[in-house]
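>>> From the sequence below, what's the structure:
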Amino acid sequence: MALLRRLLPAPHRDVFLIGAIAYMSTISVWTWTWGGLALHADRLEPATARAILDVAVFFGPVFTGMTTTMMAPFTLLALRGQARLPLWLGLQSLVECFRQEGIR
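Below you'll find the predicted structure:
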């Protein structure tokens, strides 16, 4: 993420950095949730486990938002031919954005 951020111009790099930080922190919390369920599977009541799992499942839309925030700056720059980013990267990112929007 740091290597790609260096290639982006000023406003785009900040949007990318915000999305990257939010994505990494969300992944951490999501991983801790699943790890806690796995570590204490034998001692959890089914209702408690289901409630925790329901919270973990709702991270899906959050991940979609964070990924779209991260991909938007370099998708626009690649499609415009700026910041030495190849066109194929912009096209692949655009397809991925639409694919993620269809999943929700």
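
>>> Tell me the helices and strands packed up against the helix or strand that contains residue 15.
Residue 15 belongs to helix 10-39 when assigned by DSSP states H and E. For helix 10-39, the elements it packs on are helix 2-7, helix 46-57, helix 59-80, judged by 3 or more CB pairs under 8 Å, 6 or more residues apart in numbering; DSSP states H and E. No exception for glycine: its C-beta is placed from N, CA and C like everyone else's.

>>> Out of those, the one nearest residue 26 is which?
Of all the helices and strands packed on helix 10-39, helix 59-80 sits nearest to residue 26, with 5.5 Å by CB to CB.

>>> Centre of the chain to that closest one, how far?
8 Å (CA atoms, centre = their mean, to the nearest Å).

>>> so it versus helix 10-39, what angle?
Here helix 59-80 runs at an angle of 150 degrees relative to helix 10-39 (axes from the mean of the first three to the mean of the last three CA atoms, to 10 degrees).

>>> Show me which positions of helix 59-80 end up buried.
59, 65-78 (16 or more other CB atoms under 10 Å).

>>> Nothing else from me, thank you.
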